[in-house]
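> below are the sequence and a predicted model; questions follow.
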Amino acid sequence: MLVLSARSPVIGEVSHVIDPALPRTEEISNTWVVEKDATRQPTGCNSRDGDTRARVAKFLLENVNSTARQLAAHLDITPVAVRKHLDAMMSEGLVTSHAPSSKSLRGRGRPARTYRLTHAAHETFGHHYDDLATQALRWIHHHGGSTAVSAFAAQQVSDLEEQCRTAVADAGTPLDKAEALAEALSAEGYAATATALANGGQLCQHHCPVAHVAAEFPQLCEAETEVISRVVGNHVQRLATIANGDGVCTTYIPSAQGDGTATQTDNDR
C-alpha cells in the first residue's frame with residue numbers, strides 16, 4: 001500500500017491512500033483519510049481564526065481598553081464570537097481582561113469588562129534595532145556620554161522629520177496636523193491615531209518600533225518629541241510613552257492660542 005501525504009489549507013495534514021490490489025477507479029483516487037487531530041498544527045495566522053485574531057490584535061493596539069461589544073461592532077461579528085477569540089488570546093498570554101472602573105459603575109446595567117494587549121502581544125508587531133542598537137548606544141554612552149547619545153538620536157530621526165514635514169505641509173488646525181502626523185508615523189510602524197482636544201489635537205502612537213531601546217535611552221523619545229514640535233511649529237507636550245511603561249505614546253499639540261495644557265473635551269472623556 002502506498003501512502004501519499006499532503007497539507008490541505010483547510011483541514012491540515014492529510015494522507016492519500018492507494019492500494020495496488022484495488023482497481024484504479026476515480027472513486028479510489030479521490031479517497032482522502034484525515035490524520036488524527038494530535039498530528040495537526042495549531043491554528044495559525046493563515047487560518048480564518050488567525051486572521052480574525054490578527055484583526056482583534058490590531059484593533060486593541062489602536063484602541064486600548066476596548067469592550068467585546070466594541071470589537072464585535074468593528075469586526076462585524078457577534079460578541080459571542082469575539083469573546084471566543086479573546087478567551088483564546090488570553091490563554092496564550094496575548095490579552096488581559098480588566099474589571100470596570102469605579103466611575104463606570106454608575107447608572108443602570110452591569111458595566112462591561114475591557115481588554116488590552118499584553119507586552120507579549122506588542123512583541124509580535126516587531127521592534128527595530130533592539131539588542132544590537134542597545135549595545136551600540138551603550139558603547140556611545142560609555143565613550144561620549146549622554147550628549148553623544150542625544151546627538152545620535154537626533155541624527156536617527158532626521159529622515160522621519162522630513163517625512164513628517166511633507167505630511168503636515170497643507171495641514172491647518174492642530175487636529176489636521178495631528179492627523180497628518182498620525183498617517184506619516186503609521187507608515188513607519190507606529191500605528192498612530194489623532195483625536196481632538198478642547199485647545200488643540202492629540203497624537204497617539206499605539207506602537208513604538210524602538211520601545212526596548214528607548215526604555216534605556218529616553219533620548220530617543222526626546223528627539224522624536226522635538227521633531228513633532230519643530231514640524232508643527234509649536235511647543236508640544238509629551239504626556240505618556242510606551243518606553244516608560246504606558247500603554248500609548250501620547251503627545252498634546254496645542255493651538256496657537258492654547259495655554260499649552262491638555263484639556264479633554266466631553267467626547268474624549
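Now that the structure is in, tell me what you want to look at.
> residues of the lengthiest helix in the chain that come out buried?
Longest helix in the chain, counting residues (DSSP state H): helix 131-156. Buried residues in helix 131-156, defined by neighbour count with 16 or more other C-beta atoms under 10 Å: 133-134, 137, 140-141, 148-150, 152-154, 156. (C-beta placed from N, C-alpha, C; glycine too.)
> the domain parsing of this protein - what is it?
2-39, 48-102+112-123, 131-268 (automatic domain parsing).
> could you dump the ones you listed to TSV with mean pLDDT?
Formatted as TSV, the domains of the chain follow (pLDDT from 0 to 100):
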stretch	mean pLDDT
domain 2-39	40
domain 48-102+112-123	84
domain 131-268	84
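> packed most tightly, which of these would that be?
The highest mean neighbour count among the domains of the chain, using mean count of other C-beta atoms under 10 Å, belongs to domain 131-268: a mean of 18.
> can you name the two of the buried residues of helix 131-156 that sit furthest apart?
134 and 154 (18.2 Å; C-beta to C-beta).
> now do the strands in the stretch 1-150 of the chain.
2-8, 12-18, 32-34, 66-67, 95-98, 114-117 (DSSP state E, counting those that start in this stretch).
> quick one: end-to-end distance for stretch 188-203.
Stretch 188-203 has an end-to-end distance of 15 Å (criterion: C-alpha to C-alpha, to the nearest Å).
> past the longest helix of the chain, which element shows up next along the chain?
helix 158-168 (DSSP states H and E).
> quick check: angle from that next one to helix 131-156?
Orientation note: helix 158-168 sits at an angle of 50 degrees relative to helix 131-156 (axes from the mean of the first three to the mean of the last three C-alpha atoms, to 10 degrees).
> which other helices and strands does helix 158-168 contact?
helix 174-186, helix 219-232 (3 or more C-beta pairs under 8 Å, 6 or more residues apart in numbering; DSSP states H and E).
> any idea of the angle the shortest one forms with helix 158-168?
Interaxial angle of helix 174-186 relative to helix 158-168 (the same axes, to 10 degrees): 140 degrees.
> same thing with the longest one?
When the same axes, to 10 degrees is applied, the directions of helix 219-232 and helix 158-168 differ by 30 degrees.
> for helix 219-232, which outside residues touch it?
146, 149-150, 152-154, 156-157, 160-161, 164-165, 168, 174, 177, 181, 203, 210, 213-214, 235-236, 238, 241, 243-244, 249, 251, 253 (C-beta atoms under 8 Å, 6 or more residues apart in numbering).
> perfect, that will be all.
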